[in-house]
Structures are given as C-alpha cells and as structure tokens.
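Visitor: Mind folding the following:
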Amino acid sequence: MSQELHTDRIDADARELLVDLVSTPSLSGEEQACCERLVEFFEAHDREAWIDDVGNVRAPADDSVLLTSHVDTVPGDIPVEIKPGAKHRDGDGSGSEDEDGTTEEALWGRGSVDATGALAAMAAAAVAVGVSFVGVVREEVDSGGARHLVDTRAAPDAVINGEPSGWEGITVGYRGLLAGTYVATSESGHTSRPGNNAIQDAIDWWGRVEAELEPDEWTPVFERVTTKPVGFAGGSSTDGLSVEATMDVQLRVPPSMTAGEVREIADGALNGGTVHWKDRVEPVMTSPRTPVARAFRAAIRQVGGEPRLLRKTGTSDMNVFQAWDCPMITYGPGNSDLDHAPNEHLVLAEFDRSLAVLRDAAATLAGK
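Guide: This next block holds a predicted model:
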C-alpha cells in the first residue's frame, strides 16, 4: 500500500473512531468500553495495545514523542449527531462559516471537544507515524490515570498532551489547583448571644482568604490566585447540641506561586475550624522555544494556519506530566469554551486539520 493510500485509510478510520468514542458513554470511572474501542483501533492497524491496571490504554512505540489524552468525560446527555456547527469568527477553534452562509459539519455530543477529539486524532497520528500513545483515565476527577503513568513509566523524550486548543493553538501553560474542605463546630446557643458560631467562622475565614489573595485589577487572570467556594453546608447538628459548617473550596495557583505557598496563606487566615486539603496540583509553564513548540508552529503553518500560544486558567494532565521534566505542550481540536457545555460540538474539518498537524509535528520530533 502506498503512503498516500495508507494515510487516507487512517484519516477515514480516525473519523469513524471519533464518532464511535463520542457515541460511547465514558464518565470518569466508566471508561472501559471506550478503552476497548481504542485497543481495537490499534490492533486493526497492527499495533500492540493493552489496558493497564488502572484502565489506561497503552500503545508503546517510538518514545521520541508520547501522544496522550484523556478518555473520560463529564456528565451530560447530548444526542450524538452530525449537523452544522454554530456560526462564529474564523480562528477561534470551533470551525468556520462557509461562503454561502451555512456552517460546517460538526459532531455534537458530550466529549467531542473535551477531549475525545484530541484523543481520536492522537490515536490516528500515533498509528500513522509509529510513536507512543496512551489514553488516560479519570482526568476529570483526580488525574488518576496520568499519576499512575508517571509512577510506572519512564519519561519519553517529549509529551504532547491532548486538550482543546483550537487547531491553530498551542497551550504552553496551566495554573495549578489547591482544593480542600473547611470544617468547624461550635456549641449551640441562642442566636441573640454575641460571638461567632461555626457558620460565621467559615464565612469569616473565607473572607480573610479572599482579602489576602485579592489581585489588583491590572493583573491578568492567568497570574492571579482565583478563589472559589464550590460547596457549603451548615446548621444545627442532629442532636441539637452544636452548630456545624463545612465549606468546599478551590484555589487556582498561578506559575508565580506554588500550591504550598497558597496553602500557607489560607491556613494563616484560620480563626477557628480546620481545613482538610485534598488535592494539590502545581502550575506548569513551558518555553515556547522548545523543539516541541517549534515543531507545532511549523506544522500549523504547513496546514495553512497561524500559530497562537495559549495559557489556560484551569489545570490538565500536563500539570502532572511535568514530573517527567521533558519538553511538552498541549494541543487538540475544538473550542475550549464548549468544554462541559450543553452545546458541545466539534467541527469535523477542524478535526481533520488537527490530525494533519499532529501527524506532521510527531514525524518531525521522531525524525521521520
């Protein structure tokens, strides 16, 4: 089979794989069916692949580059169908309007953007170029698959992490995350009495944290610590003898700080109660001048695009992979504004362009 025919076959199979994966429910912890479909895809292209102890799909090959994205998705029932995407301006990562005013074909469904589009494109690129691939699980909850991978696998020469960046976008940085639960208890008493109860202590603590970390209005969001309460419960205990309060909080950590430094500030604001810190992910910022970033800029231009460097205010498995201390970026098709959204959809022409970029960049990094 000629190289051109081989590439055409992989491109067609990639579209089919994308639709199959989006059509298969894959909530965090329930990724088995999608993982089996990925293994089937690799075996159909004469590549060894298996599911490891935590559920990751591993397809090792040339380790000059590792292509990896997550298999799991968040909840949300979006009927899977191919229909026109929403109208938008060119270059924002979600497709483009045709000359006749209609929009391009798009695949609608949960996970199409975050991050099954990247997952399917990376699987196809790995087959086409002969480089390593891993589909990781549980990214949406605790990055358990990525953490297991770092603990059990030697570092590759370079990592391409899959998340939506738009086919012309190259993500070079993410903020970190510190998450925990504040817990306080106070004696019950009449509401006319002075002094804080546990609910007031919780509110007071969070106010102190926000005041300590409040940025000036000129600081870009990426450089700020974003403070968010994400859950609260409070009131009288079951026996009526105390007042209880719990508050779940998340703090996003910029590259100028560590998660430990942010925790120290939050702990220093305590005036009662305790915080049980549950999740700690350090921020990551990579150079746009690494061989990986250069390969992607060249590949995007080769497909007719104009590369854009991005810094994301959330976190991803790229934060975990920095433990390998190798060059890396994050890349994938799709408009990240549609992550977890009720209208999540991926323009298929953009998926095709991202596959071409991944194939070109991976071949450059592998010296092929």
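
Visitor: Can you check the pLDDT for Ile265?
Guide: In this model, Ile265 is scored at 97, pLDDT.

Visitor: what packs against whatever helix or strand it lives in?
Guide: Ile265 is part of helix 259-268, with elements assigned from DSSP states H and E. Using 3 or more C-beta pairs under 8 Å, 6 or more residues apart in numbering; DSSP states H and E, the elements in contact with helix 259-268 are strand 176-187, helix 198-213, strand 242-253, strand 274-281. Backbone N, C-alpha and C define where each C-beta goes, glycine included.

Visitor: CSV for these, including mean neighbour count and mean pLDDT?
Guide: Converted to CSV, those look like this (neighbours: other C-beta atoms under 10 Å; pLDDT from 0 to 100):
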stretch, mean neighbour count, mean pLDDT
strand 176-187, 19, 93
helix 198-213, 18, 94
strand 242-253, 20, 95
strand 274-281, 15, 94
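
Visitor: Tell me the helix or strand right after the helix or strand where Asn319 lies.
Guide: Asn319 is part of helix 317-321, with elements assigned from DSSP H and E. Read in the C-terminal direction, the helix or strand following helix 317-321 is strand 328-331, with elements assigned using DSSP H and E.

Visitor: Contacts for that next one, please.
Guide: With contacts defined as C-beta atoms under 8 Å, 6 or more residues apart in numbering, strand 328-331 is touched by 118, 158-163, 165, 169-172, 174, 286, 290, 292-293, 296, 312, 316, 318, 321-322, 354, 357-358.

Visitor: In helices, which of those appear?
Guide: Members of the contacts of strand 328-331 lying in helices (criterion: DSSP state H): 118, 292-293, 296, 318, 321, 354, 357-358.

Visitor: how about JSON lines for the helices and strands packed on helix 259-268, with distance to Thr152 added?
Guide: Output for the helices and strands packed on helix 259-268, formatted as JSON lines (distance: least, C-beta to C-beta, whole Å):
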{"stretch": "strand 176-187", "distance to Thr152": "23"}
{"stretch": "helix 198-213", "distance to Thr152": "36"}
{"stretch": "strand 242-253", "distance to Thr152": "26"}
{"stretch": "strand 274-281", "distance to Thr152": "19"}
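
Visitor: right, and the helix or strand after the top helix by length along the chain?
Guide: Of all the elements of type helix in the chain, the one with the most residues (DSSP H) is helix 3-23. Next along the chain after helix 3-23, taking DSSP H and E as the criterion, comes helix 32-44.

Visitor: Quick check, central residue of this protein?
Guide: Nearest to the geometric centre of the chain sits Ser316, at 3.9 Å (C-alpha atoms, centre = their mean).

Visitor: can you give me phi and psi for it?
Guide: phi -150, psi -180 (degrees, to the nearest 10).

Visitor: who touches it in this structure?
Guide: 139, 161, 163, 174, 330.

Visitor: Repeat that for Ala245.
Guide: Residues touching Ala245, when contacts are defined by C-beta under 8 Å, 6+ apart, comprise 182-185, 197-199, 201-202, 232-234, 273.

Visitor: what's the pLDDT at Asp8?
Guide: Reported pLDDT at Asp8 in the predicted model: 69.

Visitor: Same check on Met1?
Guide: Per-residue pLDDT puts Met1 at 50.

Visitor: per the record, what domains does the protein have?
Guide: Under the assignment automatic domain parsing, the domains of the chain span 3-174+284-366, 176-281.

Visitor: Between helix 32-44 and the longest helix of the chain, find me the angle.
Guide: With axes from the mean of the first three to the mean of the last three C-alpha atoms, to 10 degrees as the basis, helix 3-23 and helix 32-44 are set at 170 degrees to each other.

Visitor: Please identify the buried residues of helix 3-23?
Guide: Residues 7, 10-11, 13-15, 17-22 are the ones in helix 3-23 that count as buried (16 or more other C-beta atoms under 10 Å).

Visitor: among those residues, which one has the lowest pLDDT?
Guide: Thr7 (70).

Visitor: and Ser336, how many neighbours?
Guide: Here the neighbour count serves as a burial measure; for Ser336 (other C-beta atoms under 10 Å) it reads 23.

Visitor: nearest residue to it other than its sequence neighbours?
Guide: Using C-beta to C-beta, 6 or more residues apart in numbering and skipping the chain neighbours, the partner closest in space to Ser336 is Pro164 (4.5 Å).

Visitor: ok, that neighbour - contacts?
Guide: With contacts defined as C-beta under 8 Å, 6+ apart, Pro164 is in contact with 93, 113-115, 117-118, 332-336, 338-339.

Visitor: 7 Å instead, please
Guide: Contact partners of Pro164, counting by C-beta atoms under 7 Å, 6 or more residues apart in numbering, are 93, 113-115, 117-118, 332-336, 339.

Visitor: And those residues, which is closest to Asp216?
Guide: Nearest to Asp216 among those: Ser336, at 26.5 Å, using C-beta to C-beta.
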